[in-house]
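A.B. asks: Below is the structure, and that's it, no one-letter string:
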């Protein structure tokens, strides 16, 4: 598939002096179109802005896990959009095409991993007895699966890209990339099901596990924590739809109708991933939820250890505690 484009690009160079309809056919873009230069530059600028903001916010709020999740996702998007801007000015180059397609496919994977980390921490604040998985398992299982999806997509992209490869090798790489996207779609689906089960059990106040020394007490969904939950839900929904689009795109093939039409990519990939990333700029976990260390101090220490309870989401009121309205 990708090798077809490499061969076509080589033939264009060799036959660059052709004229008439033949030359017009040879100059056909590997995208199936020429990327819009203005829109490509605009998305590149937006991704640079939100990524720099996330870098600053991560350092300011000391949320280091965002560096290898959200910030990494932004850097991959920037690389991909540099490739598209490059292609918009020289569409016959194969390198920018390969860069943009690989980077934009794998970029949202680290962003999705941030959801798993944050949701595990939310469970600790709302009551671990309502979750079928312990909070750390959300990070270990789903984060690990997300890394596997990232590696699979990266390996597939590496196999499929490059010149002078047999068609069977290129098809193998393309299928591996498709498998990575499908696996990611399954991960998101399982995550959504478990999240729904948790919130339903929490709403009905029906613990699914017995209370033990390692369990945290029940908390109500108010104020800042509610905003963060809505942000995670919105982010996950955008990435879920985007994964469906990418699955259909890769299943249709690199010469299919979907991948050779620009507007679906701009809407269901570029815009959706940008909105998902920007959502965490506005509803930042550092502003809406305290660190794990602060949470444990609130949970274990006496009230006198809290110098300013108005700055915390979780003032204790005995065995059961509530998030205060901010």
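C.D. replies: Arrived safely, thanks for sending. Bear in mind the structure is a predicted one, so any value in this text is a computation, not a measurement.
A.B. asks: State the distance from residue 273 to residue 61.
C.D. replies: Distance of residue 273 to residue 61, given as C-beta to C-beta, to the nearest Å: 22 Å. C-betas here are computed from N, CA, C, even on glycine.
A.B. asks: The two: which is more packed in?
C.D. replies: Under the criterion of other C-beta atoms under 10 Å, the comparison of residue 273 against residue 61 puts residue 273 first, with 24 against 17.
A.B. asks: I'd say that one and residue 109 touch.
C.D. replies: No. Using C-beta atoms under 8 Å, residue 273 makes no contact with residue 109, being 10.7 Å away.
A.B. asks: joint contacts of those two?
C.D. replies: residue 73 (C-beta atoms under 8 Å, 6 or more residues apart in numbering).
A.B. asks: tell me the contacts of residue 231?
C.D. replies: 279, 280, 282, 283, 288.
A.B. asks: out of the residues you listed, who has the most neighbours?
C.D. replies: Among the contacts of residue 231, where neighbours are counted by other C-beta under 10 Å, the top count belongs to residue 280, at 27 neighbours.
A.B. asks: Do I have it right that that one meets residue 238?
C.D. replies: No. Using C-beta under 8 Å as the test, residue 280 is too far from residue 238 to be in contact (11.4 Å).
A.B. asks: Which stretches in this protein count as helices?
C.D. replies: Per DSSP state H, the chain carries helices over the ranges 2-14, 21-26, 37-61, 72-89, 94-106, 108-126, 135-137, 143-160, 167-203, 223-252, 262-265, 272-282, 285-288, 292-300.
A.B. asks: Take the ones you listed and lay them out in a markdown table including distance to residue 212 and mean pLDDT.
C.D. replies: Conversion of these to a markdown table gives the following (distance: least, C-beta to C-beta, whole Å; pLDDT from 0 to 100):
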| stretch | distance to residue 212 | mean pLDDT |
| --- | --- | --- |
| helix 2-14 | 53 | 41 |
| helix 21-26 | 70 | 39 |
| helix 37-61 | 31 | 97 |
| helix 72-89 | 36 | 96 |
| helix 94-106 | 40 | 88 |
| helix 108-126 | 14 | 91 |
| helix 135-137 | 14 | 82 |
| helix 143-160 | 24 | 81 |
| helix 167-203 | 16 | 86 |
| helix 223-252 | 23 | 92 |
| helix 262-265 | 49 | 94 |
| helix 272-282 | 33 | 97 |
| helix 285-288 | 27 | 93 |
| helix 292-300 | 14 | 72 |
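A.B. asks: so of these, which one's packed in deepest?
C.D. replies: Of all the helices of the chain, helix 108-126 carries the top mean neighbour count, a mean of 24, counting by mean count of other C-beta atoms under 10 Å.
A.B. asks: tell me the angle that helix makes with helix 272-282.
C.D. replies: Calculated by axes from the mean of the first three to the mean of the last three C-alpha atoms, to 10 degrees, helix 108-126 forms an angle of 40 degrees with helix 272-282.
A.B. asks: Kindly check the end-to-end length of stretch 63-77 for me.
C.D. replies: Across stretch 63-77, the straight-line distance between its terminal residues is 21 Å, by C-alpha to C-alpha, to the nearest Å.
A.B. asks: contact partners of it?
C.D. replies: Where contact means C-beta under 8 Å, 6+ apart, the residues beyond stretch 63-77 that reach it are 47, 50-51, 54-55, 57-58, 103-104, 106-111, 113-114, 117, 273-274, 277, 280, 285-286, 291.
A.B. asks: what's the answer for stretch 267-276, then?
C.D. replies: Applying C-beta under 8 Å, 6+ apart, the set of residues contacting stretch 267-276 from outside is 43, 46-47, 50, 73, 77, 104, 107-108, 111, 234-235, 238-239, 241-242, 245-246.
A.B. asks: show me the contacts for the closest residue to residue 284 other than its chain neighbours.
C.D. replies: Distances taken as C-beta to C-beta, 6 or more residues apart in numbering place residue 57 nearest to residue 284, at 5.4 Å, with adjacent residues excluded. Contacts here follow C-beta under 8 Å, 6+ apart; on that basis residue 57 touches 63, 66, 281, 284, 286.
A.B. asks: same thing with residue 51?
C.D. replies: By C-beta under 8 Å, 6+ apart, the contact list for residue 51 reads 71, 74, 75, 77, 78, 277.
A.B. asks: let's see 7 Å
C.D. replies: Listed by C-beta atoms under 7 Å, 6 or more residues apart in numbering, the contact set of residue 51 reads 71, 74, 75, 78.
A.B. asks: so can I have JSON lines of those showing distance to residue 31?
C.D. replies: As requested, those are arranged in JSON lines below (distance: C-beta to C-beta, whole Å):
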{"residue": "71", "distance to residue 31": "28"}
{"residue": "74", "distance to residue 31": "23"}
{"residue": "75", "distance to residue 31": "23"}
{"residue": "78", "distance to residue 31": "19"}
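A.B. asks: Just give me the closest of those to residue 136.
C.D. replies: Here the nearest of these to residue 136, counting by C-beta to C-beta, is residue 71; it sits at 22.7 Å.
A.B. asks: measure the closest one to residue 194 for me?
C.D. replies: In this view, residue 71 and residue 194 are 26 Å apart by C-beta to C-beta.
A.B. asks: Repeat that for residue 280.
C.D. replies: If you measure residue 280 against residue 194 using C-beta to C-beta, the figure is 21 Å.
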